[in-house]
Structures are given as structure tokens and as C-alpha cells.
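Peer 1: Predicted structure and sequence below. I'll ask about it afterward.
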2 protein chains.
Amino acid sequence: MGHSGAFCYPYARPAVTVDCVVFGLSEDRLQVLLVQRDEEPFLQHWGLPGGFVRIEEDLEESVRRELESKTRCKNIYFEQLYTFGALDRDPRGRTISIAYFALVNSASYPIDDVGGELSQSSGHKQVRWHGVDTLPQLAFDHGKLIACALERLRSKIMYRPIGFELLPSRFTLSRLQKLYEILLGRELDKRNFRKKILSMGVLDGLEAWEQNGAQRPAQLYRFNQSKYQQKLKQGDFFEV
Amino acid sequence: MGHSGAFCYPYARPAVTVDCVVFGLSEDRLQVLLVQRDEEPFLQHWGLPGGFVRIEEDLEESVRRELESKTRCKNIYFEQLYTFGALDRDPRGRTISIAYFALVNSASYPIDDVGGELSQSSGHKQVRWHGVDTLPQLAFDHGKLIACALERLRSKIMYRPIGFELLPSRFTLSRLQKLYEILLGRELDKRNFRKKILSMGVLDGLEAWEQNGAQRPAQLYRFNQSKYQQKLKQGDFFEV
DNA sequence: GCATATAGTGTATTTAGTACACTATAGGTT
DNA sequence: AACCTATAGTGTACTAAATACACTATATGC
């Protein structure tokens, strides 16, 4: 490689980035947060929020910084997904990307069904939600990363209660069931779902009801993090 | 950072390595392949086989190169585990390691119970098997990587038939059961295990028997890769 | 007060998991 | 040759979990 810049090494080093597949939930579909690129390569194309890992920050700090700048929101749930290192994944040169996926409680954000504007973050890049079934052409190998994240998410909700992260802190069981149906792409039996979910023992029923038009109000529930942590320590697992 | 070397960048870049947790099976325990370091830091300490990712090879090529040089064996099963990027994990400077785990059919290698010598690979480094319960002090954060790989392996054999990779191509059901018992750390019922394993439909019973001393000979079986691939495509999954 | 839309509930059936004990067959021993 | 020993190999009854399935309850709007 060249001789530009002040940081020199005896061997060529790949660039290292983190990219994050941020999932959100609209009324009836799963969405991914995408950023419109304002420079080459892939100018104008949509891509995942992400960026270079700074030398003085660890991977999680990198992801947190990126998430906060794009969503203006803290304490987002995220976990590492996979590391992508194909030789040709970035035309600018060898780049290794450590991919993460994140789940945001989309009620905290302005979202519309087509993919509303979310924020005018640094550099005036557009940031929007896109339905996972109606993605535009994507920059780099970001389509692959999203497919990988979807697969992980779909299989993980079957044995860990992470789906709650996509909902507001108080939610109805019908809403939770709808979320599972959207993720799994099939309908679930109402009685069996409720039986299963409640038997996990990580939901607290609240003395509060959600009024939602001309019908019977639905009871609100809350995910109890500490009950969950306790079950995890006891080696109890979860299945849906 | 400094100005030494011919590869210069406008921003500092972390070094990128791959490290590989290679599992093997001795008579009655699970082993990990370790390499004794012949330079600082952690001189003389044991560590995982691994090294810097070359700029012109992708991650899998890197791992394959490392595996072949340390085991002198091709076509080893491996998969990506996790990427470790803590700031202080390498005293020489910021280093990100993409960890893999590999399963080798240990019958192909000279192995003894204490951890026999395996090969005198490049640089005369010692390479040895170490029982996972009797590991020496390890270099870097390699203890963490091994713990992570163990956890992954233990949970993965419950839903994917990867355990066969640790056995010779022809094996008895008793040996397979022993393998599961070693990995899971508990005894399994012989009849239930056989029922379960055979009902997966990925084993072919051979017209061959293993004579093993003064007792009834045991039938040999072979893992049928193509049956497995077919089941995977049909969405069938596996559990033990 | 009636229509409508969603919330909420229990039981019977099917399937999968678990617990459990004896016979078969080889080599070695007397 | 008879028997001892060590491992291979087999079936069934019981228990727990998953599934299939239909009606009543309660709010609003007309």
C-alpha cells in the first residue's frame, strides 16, 4: 500500500470496521435501520450504520458510539453477530467488518410504515427504516450481513427472550404474539402461546390495561430482567 | 504510533489475527491443541495456534494455513467462534482476534493421554494436546477463547451432528455415546441415546464390526454427509 | 341495545422424553 | 469344554410437553 499518513507498520494491515444491523418493529413488519451514503463508493446507496474501529476504543464502544449517533438513543440491546472478511468486500481495500445486531424499542422513534425519517444525524446523511422484505440495493456486502442477522434473530427468539427488546417496556400479550408471528413468518395459536410465554416466568402482569378502540382492553405486561437473570443462572432455558 | 515499516495509513489500525481452538478426543477426555510460545510476550507460555491475517488472504484461508501448519492435516472442520477486541488483550498493541474452533479426528494424530508431542512445526515450537480440565497457564486471553469455544461446542452438539468430526470416519455407537458423555459431562442412557441418534437418519450402519478384546464385537457406523445436507435443506433439525 | 372487534380462558389428543433390565457374543481362564 | 467377564445390543411402560381446538368477556360506535 501507499506511504500516506503517519501510522506505519512493517506489514500491511486490513482496515477494521463495525457494522450494525439495527432491527425495529412497525405495526406489522420487521424493519432495519439504513443510512444513505454520501460518498463513494456506493454513493447514494443504502448501507448499515457502522464505521472504523478507533484504536483507543474497544469493539462494543465502537458499536455504542455508532448506535447513539444514528438513533440518538442510549442503552440499546446489541450483540456480536459474525465477522466478515472477504477480500473484495470493500473496493477501497481490504476491510474486515465485525458485524453486530441490535434491537430497538421502535416506539421511542418516529416511524412510519414506508420507512419514515428518523434523524438528521452527523453529516446530514439520511437515516431511515426499511422493511426487511422491501430492502433497496445495498452497499458492500450489507445484504449478506442483514440476512445473517435475520437468521440469527429468528433462531434466537426461539430459546432466549430477547424479543421484548423490540417492544415498549409495557406491552400486551397480543402484541408480543404478533411480534413472534412477524419474526417466524407463521401464525401461532393464542392459547398455546400465552401458556408457553407465561410459564417461562419472566413476565409481570401489571394492574394496567391498554384501551385500543372499540373492544375489550388488554392487560399490560412487563419483562422482568432480574427474574430472567436468575433463571439463566439456574440453568433454566427458554423455548417458544 | 511509529514510522517504522512501509505500510502507512492516515489513521492507526489495529493488528488483526486469527486464533483457533482445535479440539481433539483422547480415550476419555476432550483435548485442546496448544503451542508453546518461543518469543515475548508470554515466552514459554502455551497459547492457541494462530497468527496475523495476511492482507491477501481471507479469514478462512488464514485459519486453514494455520491449521495445516500446526497439524499437518487438511480438510479440518472449523467454524467462526467470536471476535475478541479488548484494548489490553495484547501487550504489544491493539490487536483484534477473530477466533475459530476446529474439530479434528484425533485418531489421525499421535496422541497420548498426558498430551503427546504432535509435530515439530515451523520454528520448532512445541505443539501438544492438553486436556481441557488440566490446562496450563495460557498466553493472552486464550483461556477466555477456550472457555467460549467449549461452551459453543457443548451447546452445538445438542442440535447439530458435528461431534462426528472428532471421531474416525468409522465408529461404534458406544464410542459416539462416550463422546457425548465427555462433552456434556454426564452419563446418557444407552437405549435412549441409540434410539435418538439413529432416528436422526444421518448414520449408515456398515457391514463391519470392531473387535475390541474379550467381548462381543460392535457394529461400525459412518456419518452420511449427504443425508445430513438433505435434511438441513428440508429444515429438519437435530437434537440429542 | 345491538354490532363489531379484540381479549381472554381449558381440555383432550398426540408426540417426544425418560426410566428401566435382560440377552448376545467375543476372548480368556481353568 | 465349561465358564467367567466385558461390552454390544434390544423394547416397553410411564411421564411431560406440544398441539389442536371454540367459546365467553368487554370495550366502543352506531
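Peer 2: In hand now; what should we look at?
Peer 1: And the helices in chain A?
Peer 2: Using DSSP state H, the helices of chain A run over A:59-71, A:142-156, A:173-184, A:190-199, A:225-233.
Peer 1: Domain map for chain A?
Peer 2: Per automatic domain parsing, the structural domains of chain A span A:15-156, A:163-233.
Peer 1: Report the contact partners of residue A:208.
Peer 2: Residues in contact with residue A:208 (C-beta atoms under 8 Å, 6 or more residues apart in numbering or on different chains) are A:170, A:219-220. Heads up, the C-betas are built off the backbone N, CA and C, glycines and all.
Peer 1: near DNA strand C, which of these show up?
Peer 2: For DNA strand C, the contacts drawn from the contacts of residue A:208 by C-beta under 7 Å from any atom of the strand are residue A:219.
Peer 1: quick one: which of the contacts of residue A:208 has the most company?
Peer 2: Comparing the contacts of residue A:208 by number of neighbours (other C-beta atoms under 10 Å in any protein chain shown), residue A:220 comes first, having 19 neighbours.
Peer 1: ok so, going back, go through the helices of chain A and find the least confident stretch.
Peer 2: Ranked by mean pLDDT, those bottom out at helix A:225-233, with a mean of 92.
Peer 1: which residues sit against that one?
Peer 2: By C-beta under 8 Å, 6+ apart, helix A:225-233 touches A:161, A:200-202, A:204, A:238.
Peer 1: now do stretch A:21-31
Peer 2: By C-beta under 8 Å, 6+ apart, stretch A:21-31 touches A:32-33, A:48-49, A:67, A:70-71, A:76, A:81, A:99-104, A:106, A:109, A:111-113, A:115, A:129-133, A:145-146, A:149-150, A:153, A:166-167, A:178-179, A:182-183.
Peer 1: what about that stretch and DNA strand C, touching?
Peer 2: No: using C-beta under 7 Å from any atom of the strand, stretch A:21-31 never reaches DNA strand C; the gap is at least 11.2 Å.
Peer 1: What's the mean pLDDT across that stretch?
Peer 2: What stretch A:21-31 shows for mean pLDDT is 95.
Peer 1: circling back to that earlier point, among the contacts of helix A:225-233, which ones are in strands?
Peer 2: Among the contacts of helix A:225-233, the members found in strands (DSSP state E) are residue A:204.
Peer 1: Can you select the buried ones among the contacts of helix A:225-233 for me in PyMOL?
Peer 2: Buried members of those, defined by 16 or more other C-beta atoms under 10 Å in any protein chain shown, are picked up in PyMOL with:
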select buried, chain A and resi 161+200+202+238
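Peer 1: By pLDDT, give me the weakest of the contacts of helix A:225-233.
Peer 2: Among the contacts of helix A:225-233, residue A:238 carries the lowest pLDDT, at 81.
Peer 1: show me what contacts residue A:74?
Peer 2: Residue A:74 neighbours (C-beta under 8 Å, 6+ apart): residue A:68.
Peer 1: go with 10 Å
Peer 2: If you count contacts by C-beta atoms under 10 Å, 6 or more residues apart in numbering or on different chains, residue A:74 has them with A:64, A:67-68.
Peer 1: Give me the buried subset of the residues you listed.
Peer 2: The neighbour-count criterion (16+ other C-beta under 10 Å) marks A:64, A:67 among these as buried.
Peer 1: What sits closest to residue A:50 if chain neighbours are left out?
Peer 2: residue A:19 (3.3 Å; C-beta to C-beta, 6 or more residues apart in numbering or on different chains).
Peer 1: What segments of chain A are strands?
Peer 2: A:7-9, A:15-25, A:30-36, A:46-47, A:50-52, A:77-84, A:95-103, A:117-119, A:127-131, A:170-172, A:203-210, A:218-223.
Peer 1: Can you flag the weakest of those by average pLDDT?
Peer 2: Lowest mean pLDDT within the strands of chain A: strand A:117-119, a mean of 50.
Peer 1: wait, residue A:159 sits on residue A:237?
Peer 2: Yes: using C-beta atoms under 10 Å, residue A:159 is in contact with residue A:237, at 6.0 Å.
Peer 1: what touches both of those two?
Peer 2: In contact with both residue A:159 and residue A:237: residue B:155, using C-beta under 10 Å, 6+ apart.
Peer 1: can you list the residues of chain A near DNA strand C?
Peer 2: Applying C-beta under 7 Å from any atom of the strand, we find that chain A lies next to DNA strand C at A:172-175, A:190-192, A:194-195, A:209, A:212-219.
Peer 1: And the furthest pair within the contacts of helix A:225-233?
Peer 2: A:204 and A:238 (16.2 Å; C-beta to C-beta).
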